[in-house]
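Enquirer: Predicted model and sequence follow; I will ask about them next.
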Amino acid sequence: MTGQKTDFPMINTNRRRFMSASVASAAFGSGLLASLNEGRAQSDEVIPIGQMASLTGPLAVDGIEHKNGLEMACEEINAAGGILGKKLAPVTVDSKNQTAEEVTAAARLLIDRHGVHAIINGYNVGANQAEYDPIADAGIIYIHYNTSIGHHEAFKSDPQRYFGVFMADPAEYYYGVGLPVMLDRIRKAGVWKPTNNKIALVTGSLPYSIVISNAIRETAPKYGFEVSFEEVVPVPTTEWGAVLNKVRADPPAVIANTHFFPGDLAQCQVQFLQQPTNSLFYYQYGPLLKAFSDIAGEAARGVLTSTVIGILPDEIGNSFRKTYWAKFGPKAEADPGASTYSETFHYAIAATLAGGTGEPGNADQNRKIAANLQRFVYRAPFGILRYDPTINAAIPYPTVSADPSIAMPHLLYQIKDPKADVPKKLIYPEPYNEADFELPPWFK
Amino acid sequence: MSNDRLRKDIFVAVAVFAGLAVLPLAAPSSYVLGQATLFLIWAAVVTQWNLVLGVAGILSIGQMALFAAGGYAVALLGLYFSISPWWSLPIAGLAGMAVSLLMGSATLRLRGAYVVVVTLAIAMVMYQLIVTDVECFRKLEIACYSLTGGARGLARFGDFGFTKLFGYKLVATADYLLALACLALGTLFAIVVVHSPYGRAFQAMRDNEVCAAARGIGVAKYQLIVFAAAGFFTGLAGGVYAGVMKTFGPQVLELPTLLFLLSMMVVGGRGRVWGPILGTIALAVVDESFRDLAQWRNTSYALVLILILLFMPEGLAGRLGWLLTDLPSRFGGLFGTRKSTWGQP
């Protein structure tokens, strides 16, 4: 059955037209800035833009790419005239292991010592929004990809105070909501004919993983699945034997591992294949990074993974990936870099249209920029970024919005060729998908 | 002799804390105050840990469990009963004391490496119980949360209300002064204890437990007393941390935090009253100096630790004592002739 193709997912007949429209709107970044800056004299003044990123510790793999993305965007924006003639100067501070005190200290350092007008981050998953208060006190713009439902709660607790805080991707909760939807689509397509409707949940002990597992458990019954096994695994770990043995005792249709460190997950996949069951294996986030396929090797083939923020295999995405690799080398991970790159552009456009940036303390100017960020949709390499003004966060397509032109796509990938430069292929949703689902090679 | 040293230590303490209290008048940035606040809290923890490990010689390394007990007391009471951290701070101290007594009781019959294993195990069990707590206890918006917040920790459980009292601009100063008060209270308590008969009993236990017992010192009783006292003030520091950071999670129980605090004690001088504060200042300076060289920061901690162990095994407090007393005595006894006891109980 391996390699057998299905008609799932259907390629949208309007795909070409949709993509053409997307390319047109992408040109909007540098092109629009250059137009807005036309006739403006270049100034010697610089606008410091801050970032808190893990430059050391286990999360530095992504942190370095977040830094690269910010720096690449600043270079391109400066080449297009900066923001009303003023050049951007990126400043990245190490947020180490992303604990509350480390992230808060980094935020204070950026504001007090560097006087940054905005902070544009990747993710800092352990801070629990502790950094929001010093940033709100300074009244500057803060855009991050923390992928945390906690952002919704913090923002709603005082929207006036947190007016400048934006989460540029959907909350992790939507991973959990989206997975049963996608599994249901695969099942309906017919190539995968599970013998039962069981999902085994292996949950990493970090909050990100726990929220996702909770959401999978809640949503699964709506799509005819049931969670038949659950175990929380303290992470990081490379020893998966015990939990996999328990899963094998009652083989489920799907095993979902919501831990997200690529090296740990690669070990899990290798150990699973020592005695595989006829189960689809879904891993959270890790297989998106090439490190997963490099470590797992051939064992990675057929694995499913997803992201609410990943580069699309289209003209804009491919072009970004090519430019990124040309600048930072072929081993660089373009997906995390695309996040900070895109939001820096979105911020620059919003600030230019607002008449300039706002330094710490200039909340009035920053409120204008925040209003523009809410008002204008931005087409990034990972799809559409549009903030829901009630939560200042991106919303996912198709889980929340059925309209791909106003929401960020939740992307389901399958690893097709572990040795390729890009081992994963996008199989869902339309109109972005580039390949079909195939039954994994370990199925008998 | 002991009264003189008590008076001297208290005099130094008052001078040091008065000096630290006026630091905000120099209008440092909120970053400096934020970092200083954090290091003051760590110093408060290490001061109490030093009482157990350095002064009494009990090889307990589960100190962060007491800190976590205090922090979680404030967070849980604030979240589920809307109790202000001001009211829950004493409970935080009692929570720290309760866990500390549990730890002390569990190690009464153990010595040396076995104490290390059991105290670390208690802290690790606490960590595992929290991070694997995923049962849905309350639902907020669309997401479920467990009782302890699990690995995510707890947030939005209230704070000390400094924003309303003094306005946003003075929050960092108020946080700093509160942390300083917590450290001052714990340090003054430690000074009084180590110069009291209790302190001498602790030292006797550390130096020769058999002799101490032969002289009529109830080792078990004194071990529980030192655990209880250190537990109360460590729990208090945990409560202050929770109220200042406005979030509290199990990360404080992870090994890197433990090792960082242990480094502070070693660098400062184990068993010396002023060791924890000097160690904290030293590592804060190293941390700040290498902030822009992220990849060298962890290396720099290790290097400082190795250098201190090689060249100043008694830590900075020990070396400072030598400079202040022993060295002058070698040059004609200008400053007295007695052996260095600076900062030593």
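Expert: Sure, I can see it.
Enquirer: Past the helix or strand that A:A73 is a member of, which element shows up next along the chain?
Expert: Assigned by DSSP states H and E, A:A73 falls within helix A:60-79. Heading C-terminal from helix A:60-79, the first helix or strand you meet, by DSSP H and E, is strand A:87-94.
Enquirer: Is chain B within reach of that following strand?
Expert: Yes - on the criterion CB under 8 Å from any CB of the partner chain, strand A:87-94 is in touch with chain B at A:V93, A:D94. Quick note: C-beta positions are derived from backbone N, CA and C, even for glycine.
Enquirer: residue ranges for the helices of the stretch 201-350 of chain A, please.
Expert: For the stretch 201-350 of chain A, applying DSSP state H, counting those that start in this stretch gives helices covering A:207-219, A:241-249, A:262-272, A:290-296, A:315-328, A:334-354.
Enquirer: residues touching the residue in the stretch 101-250 of chain B that chain A sits nearest to, list them.
Expert: Residue nearest to chain A within the stretch 101-250 of chain B: B:R152 (3.1 Å; CB to the nearest CB). B:R152 makes contacts with A:N128, A:G150, A:P207, A:I210, A:V211, B:Y145, B:G249, as judged by CB atoms under 8 Å, 6 or more residues apart in numbering or on different chains.
Enquirer: if you set the cut-off to 7 Å instead, what comes out?
Expert: Going by CB atoms under 7 Å, 6 or more residues apart in numbering or on different chains, B:R152 touches A:N128, A:P207, A:I210, B:G249.
Enquirer: Among these, which has the minimum pLDDT value?
Expert: Looking at the contacts of B:R152 by pLDDT, the weakest one is A:P207, with 72.
Enquirer: With adjacent residues omitted, what lies nearest to it?
Expert: Leaving aside its sequence neighbours, A:P207 sits nearest to B:R152 (CB to CB, 6 or more residues apart in numbering or on different chains; 3.1 Å).
Enquirer: Where does the prediction get shaky in chain A?
Expert: A:1-28 (pLDDT under 70).
Enquirer: Which residues of it lie near chain B?
Expert: Proximity of chain A to chain B (CB under 7 Å from any CB of the partner chain) is limited to residues A:55-56, A:94, A:99-101, A:104-105, A:108-109, A:112-113, A:126, A:128-130, A:133-134, A:137, A:149-150, A:152-153, A:157, A:173, A:203, A:205-207, A:210-211, A:214, A:232, A:234.
Enquirer: What's the PyMOL line that selects buried ones from those?
Expert: Buried subset of the residues of chain A next to chain B, written as a PyMOL selection, criterion 16 or more other CB atoms under 10 Å in any protein chain shown:
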select buried, chain A and resi 55+56+94+99+100+101+104+105+108+109+112+113+126+128+129+130+133+134+137+149+150+152+153+173+203+205+206+207+210+211+214+232
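Enquirer: Sort out which of the residues of chain A next to chain B are in strands and list them.
Expert: When the residues of chain A next to chain B are checked against strands (DSSP state E), the matches are A:D94, A:T203, A:V232.
Enquirer: that older thread, relative to A:E153, how far out is the residue nearest to A:P207?
Expert: 12 Å (CB to CB, to the nearest Å).
Enquirer: any idea which residue sits dead centre in chain B?
Expert: Nearest to the geometric centre of chain B sits B:V45, at 1.0 Å (CA atoms, centre = their mean).
Enquirer: quick one: that one from chain A, how far?
Expert: 13 Å (CB to the nearest CB, to the nearest Å).
Enquirer: what does B:L323 give?
Expert: Between B:L323 and chain A the computed distance is 32 Å (CB to the nearest CB).
Enquirer: Regarding that residue, what is its secondary structure?
Expert: Three-state call for B:L323 (DSSP: H, G, I helix; E, B strand; the rest coil): helix.
Enquirer: Tell me, how many residues neighbour it?
Expert: When neighbours are counted by other CB atoms under 10 Å in any protein chain shown, B:L323 registers 12.
Enquirer: Could you do B:A113 as well?
Expert: Around B:A113 there are 9 residues (other CB under 10 Å).
Enquirer: Excluding chain neighbours, what is closest to it?
Expert: Excluding the flanking residues, the one nearest B:A113 by CB to CB, 6+ apart is B:L59, at 7.3 Å.
Enquirer: And for A:F443?
Expert: Distances taken as CB to CB, 6+ apart put A:N278 closest to A:F443, at 5.3 Å, once the chain neighbours are dropped.
Enquirer: and the closest residue to B:M205 other than its chain neighbours, what pLDDT?
Expert: In space, B:M205 comes closest to B:A212 once its chain neighbours are excluded; the distance is 5.0 Å by CB to CB, 6+ apart. On the pLDDT scale, B:A212 is placed at 79.
Enquirer: do B:A204 as well
Expert: 83.
Enquirer: Same check on B:N208?
Expert: B:N208 carries a pLDDT score of 79 in this model.
Enquirer: cool, and B:I10?
Expert: Confidence at B:I10, expressed as pLDDT, is 89.
Enquirer: Figure out the helix or strand that it lives in.
Expert: helix B:2-21.
Enquirer: And the contacts of that helix?
Expert: The contact list for helix B:2-21 (CB under 7 Å, 6+ apart) reads B:L177, B:L180, B:A184, B:T187, B:L188, B:I191, B:H195, B:V273, B:T341.
Enquirer: among those residues, who's most crowded?
Expert: For these, neighbours were counted by other CB under 10 Å; the highest total belongs to B:V273, with 29 neighbours.
Enquirer: for the stretch 101-250 of chain B, what spans make up the helices?
Expert: Using DSSP H, counting those that start in this stretch, helices in the stretch 101-250 of chain B cover B:113-131, B:162-166, B:171-194, B:197-207, B:209-214, B:219-245.
Enquirer: and the second one with chain A, contact?
Expert: It stands for helix B:162-166. No - on the criterion CB under 7 Å from any CB, helix B:162-166 is out of touch with chain A, staying 8.3 Å away.
Enquirer: starting at the chain centroid, how far to that helix?
Expert: Centre-to-centre, helix B:162-166 and its host chain are 27 Å apart (CA atoms, centre = their mean, to the nearest Å).
Enquirer: for the first one, same thing?
Expert: On the basis of CA atoms, centre = their mean, helix B:113-131 is displaced by 18 Å from the centre of the chain it belongs to.
Enquirer: For chain B, what's the nearest residue on chain A?
Expert: For chain A, CB to the nearest CB, closest residue to chain B: A:P207, 3.1 Å.
Enquirer: which residues sit in contact with that residue?
Expert: Residues in contact with A:P207 (CB under 7 Å, 6+ apart) are B:G150, B:A151, B:R152.
Enquirer: May I ask you to confirm that the second one is in contact with A:L206?
Expert: Yes - the pair formed by B:A151 and A:L206 meets the contact definition of CB atoms under 7 Å, at 5.1 Å.
Enquirer: roughly how far apart are B:S30 and B:T173?
Expert: 9 Å.
Enquirer: same check, this time on B:Y222
Expert: 40 Å.
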